[in-house]
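1. sequence-free structure coming up:
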C-alpha cells in the first residue's frame with residue numbers, strides 16, 4: 001500500500017468528524033418514543049360525589065353529627081352547648097335568622113365553641129310551600145345575618161318545616177352558597193316534649209355510624225336527655241363531631 005500523505009490523512013479526519021457530528025445531531029433531534037397508555041400509572045379514582053341532599057355520613061367510621069335547630073330560649077342553647085363541650089362533643093347549629101336577630105351573641109358563642117353554624121331560613125316557615133321569590137328571601141335573609149355576624153354564610157342549609165327540600169329550594173340554596181341540603185336519618189322528636197327519657201331512648205335506638213340526628217334548642221327535655229345520649233355514645237365508641245367533620 002502506498003504511503004498516506006498529510007493531505008489525505010487530513011481529509012479522512014474531516015470526513016470522520018463530519019459523520020460523528022451528524023450522528024450527534026440526529027441523537028439530539030430524535031423524538032422520544034411515545035408512552036403507551038398501558039405504561040402510565042393509573043389515575044387515582046375520584047371521590048364519590050355527594051348528593052344534593054344529605055341524610056347521613058359515611059357508615060364505616062365511628063362518627064355521628066348532632067344537629068340542633070337554633071331557636072327558642074337562649075338559656076337552653078347555652079346549656080346544651082356547655083354540656084356538649086363537657087363531653088368533648090362538637091355539634092351543628094342550624095340557626096333561624098330572626099333568632100339570630102334577637103340573640104346575636106349566640107352566633108359567636110357557637111363558633112367560639114368549635115361548633116358548626118348554618119342556615120335554617122329566616123323565619124322558620126314552610127319553605128317548600130313558598131313561591132320562588134319568597135323561598136329565596138328566606139334563605140338569603142338568614143345567610144345575610146350569618147355573614148354579618150360571622151363573616152360566612154355557613155356550610156350547611158336545612159329547610160324549615162320539612163326534613164327534605166323541594167328541587168326548587170335545593171336549587172335556591174345552592175345559588176345562595178350551600179352546595180348541599182342537610183337532612184337527617186334520626187329524628188329525636190324532642191319538639192313534641194315526650195320527656196327526656198323518650199328523647200334519649202329514640203336517639204340511642206336509631207343512631208349508628210354516620211348518623212345525623214335532628215334535635216332542637218329551646219326544649220328542657222333535650223337539655224336533660226343530652227348527657228345520657230353523650231355518655232352512651234362514649235360507651236359505644238361513637239364520636240359526636242360537627243357535620244363538616246362527619247363528611248370530611
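-> Ah, there it is. Computed from a prediction, not measured in an experiment: that's the story for all the values here. Numbering: from 1, shown residues only.
2. When you work out contacts or count neighbours from here on, use the C-alpha atoms and nothing else.
-> Fine.
3. and residue 172, what element?
-> Under the criterion of DSSP states H and E, residue 172 resides in helix 167-175.
4. List the buried residues of that helix.
-> For helix 167-175, the neighbour count (16 or more other C-alpha atoms under 10 Å) marks 169-173 as buried.
5. again, but for stretch 54-68
-> Neighbour counts over stretch 54-68 (16+ other C-alpha under 10 Å) mark 54-57, 62-68 as buried.
6. Show me where this protein has its helices.
-> Secondary structure of the chain by DSSP state H: the helices cover 6-29, 74-86, 97-102, 105-112, 132-150, 167-175, 196-206, 220-236, 243-247.
7. for this structure, what are the low-confidence residue spans?
-> Applying pLDDT under 70 to the chain flags residues 1-48.
8. May I ask you to name the longest strand in it?
-> Counting residues, the longest strand in the chain under DSSP state E turns out to be strand 63-70.
9. now it and helix 105-112, what's the angle there?
-> 170 degrees (axes from the mean of the first three to the mean of the last three C-alpha atoms, to 10 degrees).
10. Now do strand 63-70 against helix 74-86, angle only.
-> 170 degrees.
11. And the contacts of strand 63-70?
-> 57, 77, 90-96, 99, 120, 207-217, 238-243, 246 (C-alpha atoms under 8 Å, 6 or more residues apart in numbering).
12. now the angle between helix 220-236 and it, please.
-> 170 degrees.
13. partners of strand 63-70, with directions?
-> Sheet pairing of strand 63-70 (DSSP bridges) gives strand 92-95 (parallel), strand 212-216 (parallel), strand 239-240 (parallel).
14. Could you pull up the residues touching residue 157?
-> Residue 157 makes contact with 94, 118-121, 173, 178, 180-182, according to C-alpha under 8 Å, 6+ apart.
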